[in-house]
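S.K.: next comes the sequence, and after it the predicted model I'd like to discuss.
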Amino acid sequence: VRRACGQRLVQLIPVRKRSFAAVIFVSLLIPCSLLTVHYLIFVTNQLQWWGHPLVILLDAGHPRSIVAWLSSNLWLLCLAATVLTFQLRQHKLDDYNGEYRLWFWLVFTCLVGSLDATTNFVELFGLALDRWSQTSLGWSGPAVVESTLAALIGMLGLRLCTELKTVPLSLVFWLTGLVAWACSAALARQELKLEMSDQIRYWLISATWLGGLTVIWLSALTYLRSIYSEAQRRFLLRGRMAIQTV
């Protein structure tokens, strides 16, 4: 635990309440600003920037937009938080069943998410399996891959609730992110018929996806902050006990 807490990276953890509140505010402000600009340009057309070459950067659903770049960085931040949590969590003394191994799968999930945010390899993998899946299963390849990943992530998310229940705020962020991702996936399916314009539906898909990823990052940070504070309290308690013993 001392080796994990002695890294310079843990100094960036917002332990104080003001710094933690500032991180939450900035993490929510940036996505809301980007989504608002997209809404004003592509939905209400209040900003007359349509047709400009740089307007692609403000398209929340475009793979070359600022939102795509932000999503990739949020996945990397989640990866760093889960790696530190795994290193701190594996030394918990009362973890007799080895529950810390669950965080290893979260590290793998963050790697896959970060790679998919920049390359869309999940969609390409689904297209590669399209002929086989239609012949054997009767479903398209992307639908099979997306449903499989959704089931695995959902099972992992529900299993993680037992870990996050010790930090209620982290659990609230986590469940909110899962619900937002589920709404985004449902809106992306053409089988779901809703009375709304294509522009609003496109914006809602991007908004719920980016909002879910943002609160997932906040959930990982909140739990990491709690675990790190708990480890620091153990160090102080052991130091006091050693002084009393001497």
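M.R.: Right, received. Where do you want to start? Numbers count the residues shown, from 1 in each chain.
S.K.: quick check: closest non-adjacent residue to Ala81.
M.R.: Ala220 (4.0 Å; Cβ to Cβ, 6 or more residues apart in numbering). Heads up, the C-betas are built off the backbone N, CA and C, glycines and all.
S.K.: was I right about that neighbour contacting Thr82?
M.R.: Yes - under the criterion of Cβ atoms under 8 Å, Ala220 makes contact with Thr82 at 6.0 Å.
S.K.: any residues in contact with both of the two?
M.R.: Counting by Cβ atoms under 8 Å, 6 or more residues apart in numbering, no residue touches both Ala220 and Thr82.
S.K.: more neighbours: the two, which one.
M.R.: Ala220 (27 against 23; other Cβ atoms under 10 Å).
S.K.: how about that one, what does it touch?
M.R.: By Cβ under 8 Å, 6+ apart, the neighbours of Ala220 are 77-78, 81-82, 85, 170.
S.K.: any regions of this structure where pLDDT drops low?
M.R.: Regions of the chain meeting the criterion pLDDT under 70 cover residues 1-9, 50-51, 91-100, 191, 235-246.
S.K.: how about the helices in it?
M.R.: Assigned by DSSP state H, the chain shows helices spanning 2-5, 17-38, 66-89, 102-119, 121-128, 130-136, 141-164, 168-188, 198-245.
S.K.: most packed of those?
M.R.: Mean neighbours per residue, mean count of other Cβ atoms under 10 Å, is largest over those for helix 66-89, with a mean of 20.
S.K.: how far is that one from where the chain is centred?
M.R.: The chain centre lies 7 Å from the centre of helix 66-89; the measure is Cα atoms, centre = their mean, to the nearest Å.
S.K.: got JSON lines for the helices of the chain, with distance to Ala60 too?
M.R.: Converted to JSON lines, the helices of the chain look like this (distance: least, Cβ to Cβ, whole Å):
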{"stretch": "helix 2-5", "distance to Ala60": "37"}
{"stretch": "helix 17-38", "distance to Ala60": "4"}
{"stretch": "helix 66-89", "distance to Ala60": "4"}
{"stretch": "helix 102-119", "distance to Ala60": "13"}
{"stretch": "helix 121-128", "distance to Ala60": "17"}
{"stretch": "helix 130-136", "distance to Ala60": "27"}
{"stretch": "helix 141-164", "distance to Ala60": "20"}
{"stretch": "helix 168-188", "distance to Ala60": "11"}
{"stretch": "helix 198-245", "distance to Ala60": "4"}
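S.K.: among those helices, which comes closest to Asn45?
M.R.: helix 198-245 (9.1 Å; Cβ to Cβ).
S.K.: show me the contacts for Ala143.
M.R.: Listed by Cβ under 8 Å, 6+ apart, the contact set of Ala143 reads 126, 133.
S.K.: re earlier: of the helices of the chain, give the one that comes closest to Trp49.
M.R.: Of the helices of the chain, nearest to Trp49 by Cβ to Cβ is helix 17-38, at 9.1 Å.
S.K.: and that closest one, what does it pack onto?
M.R.: helix 66-89, helix 198-245 (3 or more Cβ pairs under 8 Å, 6 or more residues apart in numbering; DSSP states H and E).
S.K.: chain center to it: distance?
M.R.: That offset, for helix 17-38, works out to 15 Å (Cα atoms, centre = their mean).
S.K.: then stretch 108-123?
M.R.: 12 Å.
S.K.: may I have it as CSV, with CA atoms only?
M.R.: C-alpha atoms of stretch 108-123 as CSV (Å, rounded to 0.1, in the frame of the first residue of the first chain):
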residue,chain,number,x,y,z
PHE,A,108,-9.6,-4.2,-19.4
THR,A,109,-13.0,-2.6,-20.1
CYS,A,110,-11.5,0.9,-20.0
LEU,A,111,-8.8,-0.1,-22.5
VAL,A,112,-11.4,-1.5,-24.9
GLY,A,113,-13.5,1.6,-24.5
SER,A,114,-10.6,4.0,-25.1
LEU,A,115,-9.6,2.0,-28.2
ASP,A,116,-13.2,2.0,-29.5
ALA,A,117,-13.6,5.7,-29.0
THR,A,118,-10.9,6.4,-31.5
THR,A,119,-11.0,3.5,-34.0
ASN,A,120,-14.7,2.2,-33.7
PHE,A,121,-13.2,-1.3,-33.9
VAL,A,122,-16.3,-2.8,-32.2
GLU,A,123,-18.4,-1.8,-35.2
